[in-house]
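1. Only the shape, not the letters, is given here:
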Ligand SMILES: Nc1ncnc2c1ncn2[C@@H]1O[C@H](COP(=O)(O)OP(=O)(O)OP(=O)(O)O)[C@@H](O)[C@H]1O
């Protein structure tokens with residue numbers, strides 16, 4: 001059951017998500033008048049098997065509406081959409097076997113039943129045979145460290161435990177595509193880290209495609225190799241995080257620890273001196289990655305001082321997104 005190919009479905013190499021001009025409008029009341037809102041505007045995008053894509057944008061940018069169209073919950077106003085090679089609305093039941101969806105704010109577990117029972121019901125819904133059910137449940141229980149609360153009713157779980165159970169529930173049938181809507185919302189640092197590590201491992205082991213919406217840029221940094229940024233329904237960026245930073249000219253910062261107190265390293269080519277600590281023992285230098293490289297900056301520093309240690313600060317992603325939005329207003 002693990003291969004993504006089914007009769008009439010996509011080949012192993014076909015895109016997992018493919019949209020052309022995908023558009024969804026809503027009619028909303030505005031006082032006494034009615035007004036059309038374009039929640040998703042002419043979205044054309046292709047996601048290949050095994051990619052991990054962060055779908056980001058401000059509140060109301062159209063992320064949830066897109067996910068609903070991808071999973072067959074909402075009908076597009078115009079344009080086309082194929083998920084796992086299927087038409088999400090018409091082929092919704094077949095699609096359900098190939099997609100797992102996790103909504104951070106909504107549960108798909110049975111509130112009064114022990115976690116284990118929810119898994120049993122879901123395995124039956126997906127027609128997993130006994131051996132497949134046992135193997136997959138064991139794998140998920142171990143990887144998500146759920147052994148301690150399998151017998152606990154869902155309503156008694158902590159948020160971190162419940163989210164792990166939600167993810168396991170959505171992945172029990174080994175879907176080719178996992179869609180996660182704000183998967184780490186409200187979780188503490190450790191729970192977030194565990195969940196992210198699990199998703200990375202799941203993708204590595206099973207080649208699962210991930211699409212996640214999030215406001216937590218840590219999710220994007222740690223999980224995604226591609227970012228789609230939407231603004232008022234329209235796709236405004238498609239690429240990796242480094243590319244997103246470059247679109248707004250975000251700078252990187254080289255932090256050097258030096259062997260002795262050193263005067264401020266000003267005047268280096270293509271470098272801005274940001275500050276010094278400890279009488280110049282640690283200095284922060286900013287540079288534009290389009291103009292120079294960390295290696296060149298380091299070489300220039302080394303001509304003036306002995307470098308003991310160094311680190312590079314990546315641009316703050318939230319700041320980058322704010323700047324993309326500001327540039328479009
Ligand atoms: N059922 C609906 N009826 C009317 N308008 C809607 C409906 N669903 C969404 N919208 C509108 O469509 C736009 C996009 O909403 P959507 O929920 O897709 O955004 P989002 O990016 O998921 O936001 P958030 O980050 O807050 O979850 C918003 O203007 C929203 O008010």
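-> Yep, that arrived. The structure presented is a predicted model; accordingly, all values stated were derived computationally and were not measured. Residues are numbered from 1 along each chain as shown.

2. Report the mean per-residue pLDDT for the longest helix along the chain.
-> In the chain, taking DSSP state H as the definition, the longest helix is helix 189-206. For helix 189-206, the mean per-residue pLDDT is 92.

3. and it, which residues are buried?
-> 191, 192, 194, 195, 196, 198, 199, 202, 203, 206 (16 or more other Cβ atoms under 10 Å). To be clear about C-beta, it is placed using only N, CA and C from the backbone, and glycine gets the same treatment.

4. As TSV, these with distance to residue 262 would be great.
-> As requested, those are exported to TSV (distance: Cβ to Cβ, whole Å):
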residue	distance to residue 262
191	42
192	38
194	42
195	43
196	38
198	44
199	43
202	47
203	44
206	51
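
5. so which of the residues you listed comes closest to the ligand?
-> residue 192 (18.0 Å; Cβ to the nearest ligand atom).

6. Identify the residues contacting the closest one.
-> Applying Cβ atoms under 8 Å, 6 or more residues apart in numbering to residue 192 gives the contacts 184, 216, 218, 219.

7. ok, of those residues, which one's closest to the ligand?
-> For the contacts of residue 192, the nearest to the ligand is residue 216 (11.7 Å; Cβ to the nearest ligand atom).

8. Need the contact partners of stretch 158-168.
-> 102, 104, 107-109, 115, 118-119, 137, 140-141, 144-146, 149, 152, 154, 157, 180, 183-184, 186-188, 190-191, 194-195, 198-199.

9. Quickly check: stretch 62-81 near the ligand or not.
-> Yes: contact of stretch 62-81 with the ligand (Cβ under 6 Å from any ligand atom) involves 62, 63, 64, 65.

10. Check the burial of the last one by counting its neighbours.
-> The tally of other residues near residue 65 (other Cβ atoms under 10 Å) stands at 24.

11. ok, it touching residue 39?
-> Yes: under the criterion of Cβ atoms under 8 Å, residue 65 makes contact with residue 39 at 4.2 Å.

12. returning to that earlier point: filter the contacts of stretch 158-168 down to the buried ones and hand me the PyMOL line.
-> The following PyMOL line selects those of these that are buried, judged by 16+ other Cβ under 10 Å:
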select buried, resi 102+104+107+109+115+118+119+137+140+141+144+146+149+152+154+157+180+183+184+187+191+194+195+198+199
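
13. Go through the contacts of stretch 158-168 and flag which are in strands.
-> Per DSSP state E, strands hold the following members of these: 102, 180.

14. what distance separates the start and the end of stretch 211-230?
-> This stretch, stretch 211-230, spans 14 Å end to end (Cα to Cα, to the nearest Å).

15. Sorry, slip of the keys, the one I care about is stretch 306-325.
-> End residues of stretch 306-325 are separated by 41 Å (Cα to Cα).

16. Give the rounded mean pLDDT of that stretch.
-> Averaged across stretch 306-325, the pLDDT comes to 83.

17. cool, and stretch 162-173?
-> pLDDT averaged over stretch 162-173 gives 94.

18. Report the contact partners of residue 21.
-> 42, 43, 44, 78, 79, 80.

19. Over to residue 217?
-> By Cβ under 8 Å, 6+ apart, the contact set of residue 217 is 56, 316, 317, 318, 321.

20. Next, the last one: secondary structure please.
-> Of the three states, residue 321 takes helix according to DSSP: H, G, I helix; E, B strand; the rest coil.

21. Correct me if wrong: it contacts residue 214.
-> No: using Cβ under 8 Å, residue 321 is not in contact with residue 214, being 11.4 Å away.

22. list residues touching both of the two?
-> What both residue 321 and residue 214 touch, as defined by Cβ under 8 Å, 6+ apart, is the set residue 56.

23. which residue ranges form the strands in this structure?
-> 17-30, 33-47, 52-56, 78-83, 99-103, 177-181, 209-213, 226-231, 234-239, 252-258, 271-277, 282-287, 307-313.

24. need the ones you listed in a markdown table with distance to residue 246, can you?
-> As requested, the strands of the chain are exported to a markdown table (distance: least, Cβ to Cβ, whole Å):
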| stretch | distance to residue 246 |
| --- | --- |
| strand 17-30 | 25 |
| strand 33-47 | 20 |
| strand 52-56 | 16 |
| strand 78-83 | 29 |
| strand 99-103 | 31 |
| strand 177-181 | 27 |
| strand 209-213 | 23 |
| strand 226-231 | 12 |
| strand 234-239 | 9 |
| strand 252-258 | 10 |
| strand 271-277 | 17 |
| strand 282-287 | 13 |
| strand 307-313 | 15 |
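
25. so what's the residue nearest to residue 108 when sequence neighbours are not counted up against?
-> Spatial nearest neighbour of residue 108, excluding adjacent residues (Cβ to Cβ, 6 or more residues apart in numbering): residue 169 at 5.6 Å. Residues in contact with residue 169 (Cβ under 8 Å, 6+ apart) are 108, 109, 118, 119, 122.

26. wait, which of those is closest to the ligand?
-> Nearest member of those to the ligand, counting by Cβ to the nearest ligand atom, is residue 108, at 18.1 Å.

27. Alright, I will stop here.
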